[in-house]
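*Asks:* Sequence first, then the predicted structure, then my questions.
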Amino acid sequence: MMNNLFRLALAALFLSSCQPEKTTDPTPSNCNEPVATFQYKYNGTLIQMIGSLSKNAREGSLIRKEQTTKNGASNPYDNSNGDPVSNTKYIYSILATKNYFYSDDGEPILEIELRTATFTAPRTYSMQNGDIKFISTYYPQQAGIISNLPFTLTITKVQNGYADGNFSGSLRTSGGQTVQITEGSFSNVKILE
């Protein structure tokens, strides 16, 4: 009985020491993360996600550093280029999903791949400059980037492993319809490197 009381007291002490701090500072402590938010309008329909995919695969967002895996292409950030042995070629993917909405391939409802080996702020990426490699949505319908359509993403802040930014632009569905992505923004999105 005494052993159980001791364990309960230790658990209570640990849990109380890891309660989120009452502060407006988004800097995480060793026990908590800031709340990640991610939203955009898809042809006027607001889509919002709260949380980090690193903690909850059901809903949230994250930014993941990804190594490219094959040799041979001239563009150093294409998926068909890179050497897994020397770990020299990377891209960053911004991923977001909501309520288990995934594509048939298990992709999140929104993915934006940036051609960059470093993730810093402030920095603007655009389809016109070739800084954005890939964009795709899978909900409310599938659409992707077409090279002659404008799309811009700006990283406004990177601090303590988290990023803020905004984005907007045009995508095209497989049926040829143009889709407008407006008012895209994210804050406190965790960067996994």
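*Replies:* Cool, the structure landed.
*Asks:* Where does the prediction get shaky in this protein?
*Replies:* 1-31, 68-89, 100-107 (pLDDT under 70).
*Asks:* now residue 114, nearest residue through space, not along the chain?
*Replies:* Counting by CB to CB, 6 or more residues apart in numbering, the nearest residue to residue 114 once its immediate chain neighbours are dropped is residue 92, at 4.7 Å. No exception for glycine: its C-beta is placed from N, CA and C like everyone else's.
*Asks:* Stretch 181-193: which residues count as buried?
*Replies:* Going by neighbour count (16 or more other CB atoms under 10 Å), the buried part of stretch 181-193 is 181, 184, 186-191.
*Asks:* Just the ones of these in strands?
*Replies:* Mapping those onto strands (DSSP state E) picks out 181, 184, 186-191.
*Asks:* Save those as CSV, and put in distance to residue 59 too.
*Replies:* Formatted as CSV, those follow (distance: CB to CB, whole Å):
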residue, distance to residue 59
181, 19
184, 17
186, 14
187, 16
188, 15
189, 13
190, 14
191, 18
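*Asks:* Strands along this protein, start to end?
*Replies:* 37-42, 45-50, 60-67, 90-97, 110-114, 123-126, 132-137, 143-144, 151-159, 162-173, 178-192.
*Asks:* can you pull the contacts of the residue nearest to residue 114?
*Replies:* Listed by CB atoms under 8 Å, 6 or more residues apart in numbering, the contact partners of residue 92 are 63-66, 113-114, 116, 119, 191.
*Asks:* State the pair within the residues you listed that is farthest apart.
*Replies:* Pairwise distances across those (CB to CB) peak at 14.3 Å, for the pair 113 and 191.
*Asks:* Which one of the contacts of residue 92 is nearest to residue 165?
*Replies:* Nearest member of these to residue 165, counting by CB to CB, is residue 63, at 9.3 Å.
*Asks:* From the ones in strands among the buried residues of stretch 181-193, pick the one nearest residue 153.
*Replies:* For those, the closest approach to residue 153 (CB to CB) belongs to residue 184, at 7.7 Å.
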